[in-house]
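> The following comprises the amino acid sequence and a computationally predicted model.
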Amino acid sequence: MTGDAATRLIETAGELLAHAYQMELEAQERYGYLADQMQMHNNVDLTKLFRELARVEGIHASGILEQMKDMQVPQIRPPDYKWSGGESPEVVDMGDMHYMMSPRQALLLALKAEQSAFEFFDYLLKSTDNQEIRHFAAEFAEEEQEHVELVLRELKKYPESDEPAREDMDPPTQQE
Amino acid sequence: MNIQKTATFKAGDYKSDLTPVWCPGCGDFHVLLSVTKALAELGTPPENVAVISGIGCSSRIPAYTNCYGFHGVHGRSLALGAGLKVARPDLTVMVMSGDGDGFSIGGNHFLHACRRNIDMTYIVMDNRVYGMTKGQPSPTTEPDWDSALSPGGTGLSPFHPLVIALASGANFVAREFSGDIKGSTRTIVEAVRHPGFSFVEILSPCVTFRPDEREWKNQTHAAAVEATDDPARAARRIMTDDGFNVGILYRGHRKPYETHVKDTAGDPAVLEEEFAI
């Protein structure tokens, strides 16, 4: 996601809140899907990790919903959200998943998603003079930065040097 | 809070509670997401949509939707879909398949479904391999794809689905990449709206047996030319295609097949009369 699209087109605080809420909902849903995938492949550690990330995103979605109570918030059709990639910047690309994924690899994907979300709000904050938008953009950028730091702290538990080799003792293409 | 209601359905309304068993990273997850987003955009109630499939990884998709579905027999999804659409023209019929199911076992049905031009949408998740049966080459596999089951490759020219669809009379022909959810969603919406038989090939990587296909996200690119309604022009374009152009190739104006069956929706007595001996 590039911030410029959001900067050009998000014109009201209500519109920003609608985007922020959708972003958290999509992130919650996506982490839930990833947890399901890992559960299906009996990867207990990553199931827990993705469920926890989904839970955190859900809490933030509820918080934004609370903020929306006294606001004029437009209902936006899915194709009309202003992110350029077609999906919110905070979702992990499901194409990057792997059945033998390690916790470190999963956290790196989460880190990328959280950083994209931070950049979305940070760019908006730096590019608009609308004080109301700046207020919310600063708040959301700070929250996303907290997510980034949370993931970075988790990553320290899985240093690259300890990364296990991705080796399948019964690879899917060996059937002779 | 003052939210103006405009949308009726969300993508999640079209998803079932079943968890897909596809491999993590499989492009079919993206296709499921695009299909549900497209249905939400179309606003068709789930009970007015039928998702029909054959056999294979991709053909599991009806179970993962909250619409009516039929997980049929190998290669026969189009026959099932055609029969249903003729009997129930009021339904939105989406037939979902894979490259093995759709172009090999069901290859003959593909030709005639294009020719008949019944108003339904055919989405083929093309991963160029038989994934469910553990990695045999399919009709769209490259001739030099070297694997344990095809040492040195098959040496056979791959089937070209868009060329066949166009030549056989499909009224709408497109290709998308599964990872481009926005593009795929938009094209599926157009395919469903377009009258007649719409064919959408979605390049959907098999990350288990074709890990090389993860590169498709860097190889696919928007077609440099706009869609055309001239089959001759579309044919010239597709014959010089590199296999990774995505977007709508052709929107035709051929009149869809018209069923002569009465609209029996909600009236079993009328149906009974037709079948009375």
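Yep, that arrived. Given the structure is predicted, the values throughout are model-derived calculations rather than measurements.
> residues near the residue of chain A found nearest chain B, how many?
Proximity of chain A to chain B (CB to the nearest CB) peaks at A:Gly86, 2.3 Å away. Any C-beta I mention is one placed from the backbone N, CA and C, and that applies to glycine too. By other CB atoms under 10 Å in any protein chain shown, 19 other residues sit near A:Gly86.
> which residues sit in contact with it?
B:180-183, B:185 (CB atoms under 8 Å, 6 or more residues apart in numbering or on different chains).
> again, only using 7 Å
By CB atoms under 7 Å, 6 or more residues apart in numbering or on different chains, the residues touching A:Gly86 are B:180-182.
> ok, so of those, who is nearest A:Ser102?
A:Ser102 has its nearest neighbour among those in B:Ile181, at 26.1 Å by CB to CB.
> Verify the contact between that closest one and B:Phe29 for me.
No. Counting by CB atoms under 7 Å, B:Ile181 does not reach B:Phe29; the two are 10.2 Å apart.
> Please give me every residue in contact with the closest residue to chain A within the stretch 51-200 of chain B.
In the stretch 51-200 of chain B, the residue that lies nearest chain A is B:Lys182 (2.3 Å; CB to the nearest CB). By CB under 7 Å, 6+ apart, B:Lys182 lies in contact with A:85-86.
> now swap in B:Val124 and tell me
Contacts of B:Val124 (CB under 7 Å, 6+ apart): B:97-99, B:102, B:161, B:201-202.
> now swap in B:Gly135 and tell me
B:Gly135 neighbours (CB under 7 Å, 6+ apart): A:173, B:129, B:147, B:149, B:209.
> what helix or strand is B:Ile202 on?
For B:Ile202, the host element (DSSP states H and E) is strand B:197-203.
> do the same with B:Ile52
strand B:49-53.
> go on, B:Ala82?
Assigned by DSSP H and E, B:Ala82 falls in helix B:77-87.
> same for that helix, what does it pack against?
In terms of contact count using 3 or more CB pairs under 7 Å, 6 or more residues apart in numbering or on different chains; DSSP states H and E, helix B:77-87 is assigned the packing partners strand B:49-53, strand B:92-98, helix B:107-116, strand B:120-126.
> Give me the phi and psi angles of the residue of chain A closest to chain B.
phi 90, psi -20 (degrees, to the nearest 10).
> Tell me the spacing between it and A:Ile59.
Separation of A:Gly86 from A:Ile59 (CB to CB, to the nearest Å): 26 Å.
> what's the helix or strand containing B:Ala234 packed up against?
Taking DSSP H and E as the definition, B:Ala234 sits inside helix B:231-239. Here helix B:231-239 touches helix B:161-168, strand B:245-251, going by 3+ CB pairs under 7 Å, 6+ apart.
> 10 Å instead?
helix B:161-168, strand B:172-177, strand B:245-251 (3 or more CB pairs under 10 Å, 6 or more residues apart in numbering or on different chains; DSSP states H and E).
> Please work out which of those is packed deepest.
Comparing those by mean neighbour count (mean count of other CB atoms under 10 Å in any protein chain shown), strand B:172-177 ranks first with a mean of 27.
> residue ranges with poor pLDDT in chain B?
Chain B contains residues with pLDDT under 70 at B:1-7, B:260-266.
> Now do the top helix by length along it: distance to the chain's middle.
Ranked by residue count under DSSP state H, the longest helix found in chain B is helix B:27-42. Relative to the centre of its chain, helix B:27-42 is centred 11 Å away, using CA atoms, centre = their mean, to the nearest Å.
> Now do the buried residues in that helix.
Buried residues in helix B:27-42, counted by 16 or more other CB atoms under 10 Å in any protein chain shown: B:27-41.
> same deal with stretch B:135-154?
Residues of stretch B:135-154 classed as buried by neighbour count (16+ other CB under 10 Å): B:135-142, B:145, B:147, B:149-150, B:154.
> Between its first and last residues, how far does that stretch reach?
Using CA to CA, to the nearest Å, one end of stretch B:135-154 lies 13 Å from the other.
> quick one: it to chain centroid distance?
23 Å.
> Next: stretch B:244-258.
13 Å.
> hey, C-alpha coordinates of it in PDB?
Output in PDB follows, covering the C-alpha atoms of stretch B:244-258 (Å, rounded to 0.1, in the frame of the first residue of the first chain):
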ATOM      1  CA  PHE B 244       0.700 -14.200 -18.000                       C
ATOM      2  CA  ASN B 245      -1.500 -11.400 -19.300                       C
ATOM      3  CA  VAL B 246      -4.400 -10.800 -17.000                       C
ATOM      4  CA  GLY B 247      -7.700  -9.000 -17.500                       C
ATOM      5  CA  ILE B 248     -10.700  -9.400 -19.800                       C
ATOM      6  CA  LEU B 249      -9.800 -10.400 -23.300                       C
ATOM      7  CA  TYR B 250     -13.200 -10.700 -24.900                       C
ATOM      8  CA  ARG B 251     -16.800  -9.600 -24.400                       C
ATOM      9  CA  GLY B 252     -19.100 -10.900 -27.100                       C
ATOM     10  CA  HIS B 253     -22.700 -10.100 -28.000                       C
ATOM     11  CA  ARG B 254     -23.900 -13.600 -29.000                       C
ATOM     12  CA  LYS B 255     -27.400 -14.300 -27.800                       C
ATOM     13  CA  PRO B 256     -27.400 -16.700 -24.800                       C
ATOM     14  CA  TYR B 257     -29.200 -20.000 -25.100                       C
ATOM     15  CA  GLU B 258     -32.800 -19.600 -24.100                       C
END
